[in-house]
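J.: here's a sequence, model it:
(chains A, B, C, D and E, ligands or ions: 4)
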Amino acid sequence: MSTPILSVENLSISFGGLTVIDDVSFIAPEGGRVALIGPNGAGKTTIFNLLSGVYRQDKGHIRLGGALIDDAPSRARIGLGMARSFQNIRLMPHLSVVENVMLGQHSRADRPGGMWAPLKLFGRSPARDEAEALLADMGLGTWPGQEVATLPYGIRKKIELVRALAARPRLLLLDEPAAGLNGTETAELMAFLDRIAGTGVTLLVVEHDMSLVRSLCDTAVVLNFGRKIYDGPTAEVQKDPQVLEAYLGPRHAGEDAHVA
Amino acid sequence: MLLDVKDLEVTYGRTRAVRGVSLSVAEGEIVTVLGSNGAGKTSLLRALQGARKPQGGKITFDGRDMTNASPATRLAAGMALVPEGRQIFVSMTVHENLLMGAYLRGEGGLDRDLDAIYERFPNLATRRDMKASVLSGGEQQMLAVGRALISRPRLMMLDEPSLGLSPLFVAKLFALIREINDGGLSILLVEQNTHMALDVAQRGVVLELGREMLSGSAAELAADPSLAEAYLGAA
Amino acid sequence: MLLLQQIVNGLMLGSVYVTVAVAFTLTIGILNFLNFTIPTLFMLAGMVGWGLAYFGLPFGLSGPLPWPLALAIGIAAAILCSLVVERFTFRYLQTKYGDSTEHAIPLVSSLGFLLILENLVRIAYGGDAQRFPGPSGDLTAEFGGLFFRVPQLVSFFIVLALIVGLAWIMRATRIGRGLRAIAENPDAAAILGVETGRVVPMVFLLTGLLCGLAGALFAVNYGEVSPQMGEDIGSKAIAGMVVGGLGSLWGAVAGGIVVGLVEILTVHFFGADAVQVAVWGALLLTLLARPQGLFGHNAIGKGKL
Amino acid sequence: MSGYWAGLLTLLAINVVFAYGIYLAVAAGQLNLGGAGFQAVGAYAAAWLAFEMEMPLAVTIAASAVVTGVVGYLFAFPILRLKGVYLVLGTYAFAEVVAGVILNSDSLGGAMGMPVPTFIDWQVPVIAAAATALLCFYLMSTRFGLVVRAVHDDDLVADLMGVNVPRIRVIAFGIGAALAGLSGGLYAHAYSFVEIQNFNAALSIYVLLYVLLGGAQTPWGPFAGAAFFTLLPELLRAGLPALTEMLSALLGKTGVISTPDESWRFVILGVVTVLMMVFRPEGLITRAAIERLTHPRRRAKDTAVEVTE
Amino acid sequence: QETIKIGNLVTQSGFLKSVGETAVTAFDIAVGEINAAGGVNGKQIELVQFDTGSDPKQAATGARKLIQDDAVVAILGPFSSGETRVAMTMAERAGTLMIPTAASAPGLTEGAEYTWRLTEDEEKQFGRLLTALTASDIPHATAEIVYVSDEVVANSAGTQLYPAMLAKAGIETGEPIPVQRKSFDMSAQVAGIMQKAPDIVAVAALPDSASKLIKELRRQGFEGRIIGSQIFADPQVTELFGEEGDGTMVVAGFWHGRTEQSEAFNTKFLAEVEARGIHKLGAHHTDAQAYDGVYLLKQLMEAAGTTGDPAQLDEERAALAAQMEGVSFSGIVGDDVCFQGHDAELPGYVIEIKGGEWTKFAEAAADGCE
Ligand SMILES: Nc1ncnc2c1ncn2[C@@H]1O[C@H](COP(=O)(O)OP(=O)(O)OP(=O)(O)O)[C@@H](O)[C@H]1O
Ligand SMILES: Nc1ncnc2c1ncn2[C@@H]1O[C@H](COP(=O)(O)OP(=O)(O)OP(=O)(O)O)[C@@H](O)[C@H]1O
Ligand SMILES: [Mg+2]
Ligand SMILES: [Mg+2]
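T.: Numbers count the residues shown, from 1 in each chain, chains lettered A, B, ... in the order given. Ligands and ions are numbered 1, 2, ... in the order given. The predicted model follows:
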């Protein structure tokens, strides 16, 4: 078996005596689609913050592509191929849509244009062209010049995803990408993520929308109170009594209840 | 009618976010507002709560003209909003955030109401004296809902309350909505979770680019094929 | 003995800084607003008090007023101006993005008011220092061979009483919470019924009162006022506030006294030329070693990811 | 060129260079209230080299920028750990310490100041200002500029995007300091004398106002701000007496009209500042305004909402 | 052209407004008198005034404007030493006569060719005070010196002139004690002085700082004399110092009772400033020097036959400046005033504040010139 792109080993962290992540281990195989789910406050976002280096774990290790990245500073991790989006949208409010996306290119070794090359020479530059193309691909082609602060929630959510993609990551961490999207939009997003996964990008997705989880991801890791309570195929997750009890509730027991 | 909105107009510079929307909420009724991203739902609620001055139209609440009233006046009259993006005070503790919900109503019976909130949202109870900034996304959402409940409104306006909540809690939330509605509270609900919203509501309004596109009883809307195509996804 | 007297002098001087430092820390702690009009309000109370005691009311409405009345009106003028400042700074503030320069907006407005008020005073009363016709007689008390200034002692205790009251209000009343809510997120505060227009003026009223009181007591104490009288006090009070920790009331009290002591002891041991470097160098070191000051701190940020 | 305009241009050009120095720091989210300190370092570096070492003009001017840049760079490392009001106060303290040190150093003339031998007329500052403006426009149009703005908006996320936030801050602050120092070097030679008392807190306040009122979103801002606030008092110098005469005439007052108190100029400056913050808190020139000017049609289309899907 | 234009750099705003603005009145009075009496060389004279806002940069700009745009024949002002330092480089470069009437920093005119100041040296004035003091029966065995360290004139007086001169007069002094211009609390310095209990405290400070120091000295029980030179020799201080000021001795370059003209100027000046809304108790010596500056210029223009003709501006400027060489002038500050180097030799009046009044204690005639 090839080395997994991400492997999390016995990760723990506590804040002021409160253990938020407790000895969690899981892996994401290269090209896999892993869902990280669990009730509110289970520690999903905290795992993302540990992976991207916002927090330092008290115990345990994180390996990216087999290499230990415990000591890599947070800013270096995106360059190692791990990009993320945020649960509460964190776009740069004063940058335009396309500028936000160009910021996503920053960490790439092969990014178009160096630090001191202009990004806007007579309105064009390779970096800008690439960013606009990526936006158009996401159906956001009409917005590039707009400041992001005034855009609707759903649009900003998508821009954040595009910004993460602009880093050309091997591993993409998405924190509730479908929150705030309606059924149709969620379906579109799913198709898009499917396409991205098709290009070999590994997905690690935190999401409460079970329809998306089920159709997009092949394995699921379920957390509850900072502990892993399930790790296995998505298809089976709804049969696990512990998961039902802690996360899904009785409504989801048995077959396909809709949670569009 | 408890709330009556006539030809409401909301603009930002040259952007017309809400264009002549009319809707009403009767005493004890749940009305849901649906629509895709950028349809103007949030703008509508902001105008109703008084955070944004409408450029035209009229808002009547309980027979009183509220078109130009301050948010405090509206709140005192019984209109409460759970805003988009939670808007909790991250530098305050969970408990202080809840107390902020009681800012206008005074202390009478407050302890009982607080206990009820803590009981309903156990996550909040265990984090009572922590800074709200460390809460998880869903916990923050619970806090925002709890805070609005504390103000004991007559009309509760909810802007995507299920955002970021786990399925179990979404179910709990909708049960709660039904329960408080049974207690006589009217509710104006903005939701992306179209199925559940139509499930709980009596009537619905669908906005598109700031205009009212469809409206009717929840059952009619749920059966409407154009709506199914636009909002319910292929599923 | 000389050193002991110098320490007493330092404490006395520090108590002058304390009042103004508390005014600064109040607006920073509650509203996250570095209010640069504070030294001007201090000056205003003194200068208006002097003008009324010397010339009387404007337009010949009265002859020279007795000095206590004149000072009372001076304090009222400081409060009034403080409320005008509120009207044009905080009332319009919208923290839209919470980015790093947004909090500068009221700060810039207050710099504008600094220009306006100071120059209006110059126009009305000229730029000269003026003798304040305070109470006649010796205002120095001797105790065990050490000299104390009575007005300074009085002002110190008035301020202490005010601070005790303030601390209680901030901790225990809904007004205190409402103020903090406005400072963090005016939009959300409005949704919850906190009326900026009613609550925020209270802070400015208090600021005006503190500065006015400090200015009036300064005039009595030193027997002199001038349009420049707020400058040095203002910057030393800021230093005191930082040393004590931004937003901490008791920190400002301690910080003000520390700065007073540092100043006097530096003069005593190294001469006045070293004061600037000593006070500001100490402040820089405090900032770098312990940014939260000696006593706690108050940070307003965006929260976690 | 009239002598008045030559004098004014000199002043304006120096202020523009100075404002750009502060702008670079502000653009990265650091309010620098120690401008006078950096200008003083530059001015004294140039003055000392010219007067004591008898260096030629080119050397002294270059040295003013380099020395201040190095000082700013070194100072930036510890100080940029601070944020918000703490940073404002830290930079303010820096300026006070610089003033205190110069005042106490006899080799720099102490309170007596120092004469500066070589005189430069308005051309040199104007060329320097133009070059500075070009440099800043260029810098802000590069990826560096983008990253600087990102750090301003949200340093935590910028870090996760792979931006070396401390380094960007230090570079922006350092280049800014160098420019402020350059303005000091120009000052020294244009006015032939440096005296530390003139590099006071008021100056730091003014230059920060230039930037914030001009607008810190684009490199047009500091230029507009410096120009506006250098020229406004001059306009009032001529306009105020005319205004009072007009008012007096309206009120039917004849005879000798006493000239208005010059302090009114500063009152009006203050009023303009306050009104600006009320009506245009993001500064005179905003990104949106420029976008509207340069792409009038594209904007109109974008805001029409119809184009959502 | 009908008038002869004279440039006038004045300080009407900024931090020196209070000390600088009354000089404008004195300038205006002199011009009014001269024009009423028929002007100069058959022409009216006109002051082209420019407010420097106490800012050297503005002073430089103003000097350029007056010289290049307004075609003035000479410049009166600017007010302070700091402004003069910068503005005079402009005048020197343009070969235009500049006469500051208040700047008294030592060595200011060193190497100047076109700048001549109508002010008396601190050293001379202080010497006159010491002469009067040592001749009197006022105790004067020991002294302490206090000076404002961040102000040019006070600093050089306090650190150099006073120690040397007191020593020469046989008065024992301690290390000069600095205070800062902005500081308002001098208790630490004064406590140190009280420890040494000197007979005399010599103060080099502007009125503001001097006042604070004197009040603190009296508060802590100092009973000796307080002396100063010209720096705070402002009639206004009798009011500012109040009763604590009694017994203070200073030297002024102007005494209103010197001649009838002096008295007349003082009266007229007080009326005029009052009309302009400024309250003053008497003309400051810088006001009198401003007034005399205009008359000095009138004398020079008459001697040089200045017409103000723009076509001959350069020649007339040069001729006017040349007249300064060896000039002798009589005015309200003194008679037969001459210039040693580029600095005027003026008489001195030792003033004692007695019962809240500005009284003459002794006087000394102006020194001659080489
Ligand atoms: N810095 C912190 N200090 C203290 N507690 C924290 C901190 N960060 C997170 N927590 C706590 O850890 C728990 C897990 O938070 P986390 O944000 O990871 O939850 P989550 O699984 O993402 O939940 P949600 O689905 O609601 O977003 C929460 O209960 C939160 O209160
Ligand atoms: N502050 C603002 N300034 C300018 N335009 C704005 C502002 N707020 C909203 N808009 C615009 O108004 C329109 C409606 O936005 P609104 O936020 O009301 O949509 P929404 O229906 O709530 O969308 P979502 O479901 O994504 O929350 C959008 O085109 C948006 O860009
Ligand atoms: Mg989360
Ligand atoms: Mg919305």
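J.: how near is the closest residue to chain E within chain B to ligand 4?
T.: Across chain B, the shortest distance to chain E (CB to the nearest CB) belongs to residue B:91, at 36.4 Å. The C-beta positions use only the backbone N, C-alpha and C, and glycine is treated the same way. Noted for residue B:91: a distance of 25 Å to ligand 4, by CB to the ion, to the nearest Å.
J.: that residue and residue B:130 touch, don't they?
T.: No: counting by CB atoms under 8 Å, residue B:91 stays clear of residue B:130, with 12.0 Å between them.
J.: would you mark the buried spots in the helix or strand hosting residue C:12?
T.: Using DSSP states H and E, residue C:12 sits within helix C:2-31. Buried residues in helix C:2-31, counted by 16 or more other CB atoms under 10 Å in any protein chain shown: C:5-6, C:8-31.
J.: just how off-centre is it within its chain?
T.: Once both centres are worked out by CA atoms, centre = their mean, to the nearest Å, helix C:2-31 turns out to sit 10 Å from its chain's centre.
J.: kindly report the same for stretch E:120-133.
T.: Mean C-alpha position of stretch E:120-133 versus that of the full chain (CA atoms, centre = their mean) differs by 14 Å.
J.: for chain E, what are the nearby residues on the stretch 151-300 of chain D?
T.: Within the stretch 151-300 of chain D, the positions lying close to chain E (CB under 8 Å from any CB of the partner chain) are D:187, D:190-193, D:195-198, D:233, D:237, D:258, D:261-263, D:265-266.
J.: out of these, which sit inside strands?
T.: residue D:193 (DSSP state E).
J.: any of the residues of the stretch 151-300 of chain D next to chain E buried? List them.
T.: Using 16+ other CB under 10 Å, the buried ones in those are D:187, D:190-193, D:195-198, D:233, D:261-263, D:265-266.
J.: residue contacts, residue B:157?
T.: B:45, B:48-49, B:79-82, B:187-190 (CB atoms under 8 Å, 6 or more residues apart in numbering or on different chains).
J.: please identify the buried residues of stretch B:26-46?
T.: B:29-46.
J.: is it in proximity to chain C?
T.: No: looking at stretch B:26-46 against chain C by CB under 8 Å from any CB, there are no contacts, and the closest approach is 9.0 Å.
J.: straight-line length of that stretch, end to end?
T.: Stretch B:26-46 has an end-to-end distance of 20 Å (CA to CA, to the nearest Å).
J.: what separation is there between the spatially closest residue to residue C:116 that is not a sequence neighbour and chain A?
T.: Nearest non-adjacent residue to residue C:116, counting by CB to CB, 6 or more residues apart in numbering or on different chains: residue D:270, 3.6 Å away. Distance of residue D:270 to chain A, computed by CB to the nearest CB, to the nearest Å: 28 Å.
J.: just checking, residue A:203 touches residue A:34?
T.: Yes: if you go by CB under 8 Å, residue A:203 and residue A:34 touch, sitting 6.8 Å apart.
J.: which residues are common contacts for the two?
T.: Both residue A:203 and residue A:34 are in contact with residue A:217, where contact means CB under 8 Å, 6+ apart.
J.: that older thread, specify the local secondary structure of the residue of chain B closest to chain E.
T.: coil (DSSP: H, G, I helix; E, B strand; the rest coil).
J.: can you check residue C:142 too?
T.: Following three-state DSSP, we place residue C:142 in the strand state.
J.: that one: neighbour count?
T.: 9 (other CB atoms under 10 Å in any protein chain shown).
J.: now it. Nearest residue, chain neighbours left out?
T.: Closest to residue C:142 by CB to CB, 6+ apart is residue C:148, at 7.6 Å.
J.: and that neighbour, what does it touch?
T.: Residues near residue C:148 by CB under 8 Å, 6+ apart: C:8, C:12, C:140-142.
J.: so it: helix, strand or coil?
T.: Going by three-state DSSP: residue C:148 is strand.
J.: so how far is ligand 1 from it?
T.: 49 Å (CB to the nearest ligand atom, to the nearest Å).
J.: show me which residues of chain B are close to chain C?
T.: Residues of chain B lying close to chain C (CB under 8 Å from any CB) are B:49-51, B:70-72, B:75-76, B:81, B:83, B:87-92, B:96, B:99-104, B:132-134, B:147, B:151.
J.: residue E:247: how many residues sit nearby?
T.: For residue E:247, the neighbour count with other CB under 10 Å is 16.
J.: quick one, phi/psi of it?
T.: Phi and psi for residue E:247, reported as degrees, to the nearest 10, are phi 90, psi -10.
J.: then the helix or strand where residue E:239 lies to PDB, C-alphas only?
T.: Taking DSSP H and E as the criterion, residue E:239 maps to helix E:237-241. Extracted in PDB, the C-alpha atoms of helix E:237-241 (Å, rounded to 0.1, in the frame of the first residue of the first chain):
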ATOM      1  CA  VAL E 237       5.100  88.600  34.000                       C
ATOM      2  CA  THR E 238       4.100  90.900  36.900                       C
ATOM      3  CA  GLU E 239       0.600  89.500  36.400                       C
ATOM      4  CA  LEU E 240       1.700  86.000  35.600                       C
ATOM      5  CA  PHE E 241       4.000  85.600  38.500                       C
END
